[in-house]
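> task: produce atomic coordinates for the following.
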Amino acid sequence: MLDALIQLVREVAATEVMPRFLRVGSSRKDDGSLFTEADIAAQNAFAQGLTAIANYPMLGEEMAKCDQTALWQQNPDGLWVVDPIDGTTNFINGLPHFALSAALVKNGVSQLGVVFNPYTNELYAAERGGGAYMNDTPLPIKRTLNPLSEAIAGVEVKYLRSGKLASRMQTLAPCGSQRSMGSSTLDWCYLATGRYDVYVHGGQKLWDYAAGALIFEEAGGQLATLEGDEFWSGEHVFSRSAIAALQPELFSVWLKWIRNNQ
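Below is the predicted model:
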């Protein structure tokens with residue numbers, strides 16, 4: 001199934017996404033977020049291709065919120081979760097940092113996940129219990145442990161719910177430097193490779209973390225939420241916070257600092 005999912009993601013990228021790169025205009029959804037013809041075309045292609053891999057319904061980012069909620073509630077035994085283009089703003093503006101993401105979720109926990117940046121040809125994939133890979137290379141790639149004072153942190157400050165935490169992250173964060181590049185799915189993959197050392201996000205959508213968090217976890221990463229230690233549990237399915245680090249030694253220190261500064 002994972003091989004078939006990888007092939008489908010590559011096909012959708014080649015036929016529906018990259019031919020439209022820098023060639024489409026954008027519109028805004030009711031929540032103010034951007035979408036393009038490429039997002040819709042890719043989501044439709046996924047809807048046709050995923051059921052041939054495993055006959056489960058598909059929940060896509062570009063669906064109506066009520067439909068997404070119903071699909072999640074009615075299909076605990078198996079649901080495809082797709083972000084046709086994560087990083088649409090980057091895609092629209094010609095920034096080569098965007099990705100297609102697809103995951104199979106069962107009982108609230110991701111079992112398969114693929115994230116693909118077609119511009120760089122970096123494809124990240126994982127199956128629960130089977131490790132994680134970038135193309136054919138096992139993850140993580142970088143295994144050197146940086147002290148927290150030198151760590152690169154992925155941080156999306158505007159989504160941090162606590163004004164106190166957001167303020168302290170900007171002024172007192174104990175890490176070496178921070179990055180915010182506009183694609184949550186790729187954030188998880190950069191953590192999995194070792195490009196990022198630590199991570200915090202105040203509230204990701206289901207399609208932002210479904211594939212990426214699995215890939216990171218299968219690479220050996222440690223993760224929790226701002227509310228509790230069990231990442232895959234809890235009611236905040238469509239807005240799930242994240243605290244993460246690839247190395248256990250960094251995770252314990254990073255988690256303690258985040259929790260003490262909320």
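> mind listing what the closest residue in space to Ala54 that isn't next to it in sequence touches?
In this structure, Ala54 finds its nearest non-sequential neighbour in Met1, 6.1 Å apart by Cβ to Cβ, 6 or more residues apart in numbering. Bear in mind the C-beta positions are built from the backbone N, C-alpha and C, glycine included. Neighbouring residues of Met1 by Cβ atoms under 8 Å, 6 or more residues apart in numbering: Ile53, Ala54, Leu104, Leu112, Glu127.
> what does the closest residue to the last one other than its chain neighbours show for phi and psi?
Using Cβ to Cβ, 6+ apart and skipping residues adjacent in sequence, the residue nearest Glu127 is Leu2, 4.9 Å away. The main-chain torsion angles of Leu2 are listed as degrees, to the nearest 10 and equal phi -70, psi -40.
> measure Leu2 to Ser101 for me?
14 Å (Cβ to Cβ, to the nearest Å).
> before we move on, what about Ala13?
Applying Cβ to Cβ, the value for Ala13 to Ser101 is 11 Å.
> over to Arg179?
As judged by Cβ to Cβ, Arg179 and Ser101 stand 19 Å apart.
> same question for Ala126.
Distance, Ala126 to Ser101, using Cβ to Cβ: 12 Å.
> one more: Ser167?
Applying Cβ to Cβ to Ser167 and Ser101 gives a distance of 31 Å.
> neighbour count: those two, which is higher?
Between Ser167 and Ser101, Ser101 has the larger neighbour count (other Cβ atoms under 10 Å), namely 31 against 13.
> got a list of what the residue nearest the centre of the chain touches?
Closest to where the C-alpha atoms of the chain average out (Cα atoms, centre = their mean) is Thr185, at 2.5 Å. Shown in contact with Thr185 (Cβ under 8 Å, 6+ apart): Asp83, Asp86, Gly87, Ala99, Ser101, Val115, Asp208, Tyr209, Ala211, Gly212.
> what separation is there between it and Val115?
Distance from Thr185 to Val115, by Cβ to Cβ: 5 Å.
> so what sits against both of those two?
Contact criterion Cβ under 8 Å, 6+ apart; residues shared by Thr185 and Val115: Asp86, Ala99, Ser101, Ala211, Gly212.
> what helices and strands are in contact with the host helix or strand of Val12?
Val12 belongs to helix 2-12 when assigned by DSSP states H and E. Packed against helix 2-12, as judged by 3 or more Cβ pairs under 8 Å, 6 or more residues apart in numbering; DSSP states H and E, are the following elements: helix 37-53, strand 99-106, strand 109-117, strand 122-127.
> okay, and the common contacts of Ala13 and Ser101?
Contacts common to Ala13 and Ser101, judged by Cβ under 8 Å, 6+ apart, are Phe116.
> isn't His97 right up against Ser184?
No: His97 lies out of contact with Ser184 (Cβ atoms under 8 Å); the separation is 11.4 Å.
> these two: which is more packed in?
Legend: neighbour count by other Cβ under 10 Å for His97 and Ser184, higher for Ser184 (27 against 16).
> hang on, the more buried one packs against Ala210?
No: Ser184 lies out of contact with Ala210 (Cβ under 8 Å); the separation is 10.5 Å.
> tabulate the CA atom coordinates of stretch 67-76 in PDB.
Below are the C-alpha coordinates for stretch 67-76, written out as PDB (Å, rounded to 0.1, in the frame of the first residue of the first chain):
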ATOM      1  CA  ASP A  67     -18.200  17.500   5.400                       C
ATOM      2  CA  GLN A  68     -14.800  17.100   6.900                       C
ATOM      3  CA  THR A  69     -16.300  16.700  10.400                       C
ATOM      4  CA  ALA A  70     -18.800  14.200   9.200                       C
ATOM      5  CA  LEU A  71     -16.200  12.100   7.400                       C
ATOM      6  CA  TRP A  72     -14.000  12.000  10.500                       C
ATOM      7  CA  GLN A  73     -16.800  11.000  12.800                       C
ATOM      8  CA  GLN A  74     -18.300   8.400  10.600                       C
ATOM      9  CA  ASN A  75     -15.100   6.600   9.500                       C
ATOM     10  CA  PRO A  76     -13.000   5.700  12.500                       C
END
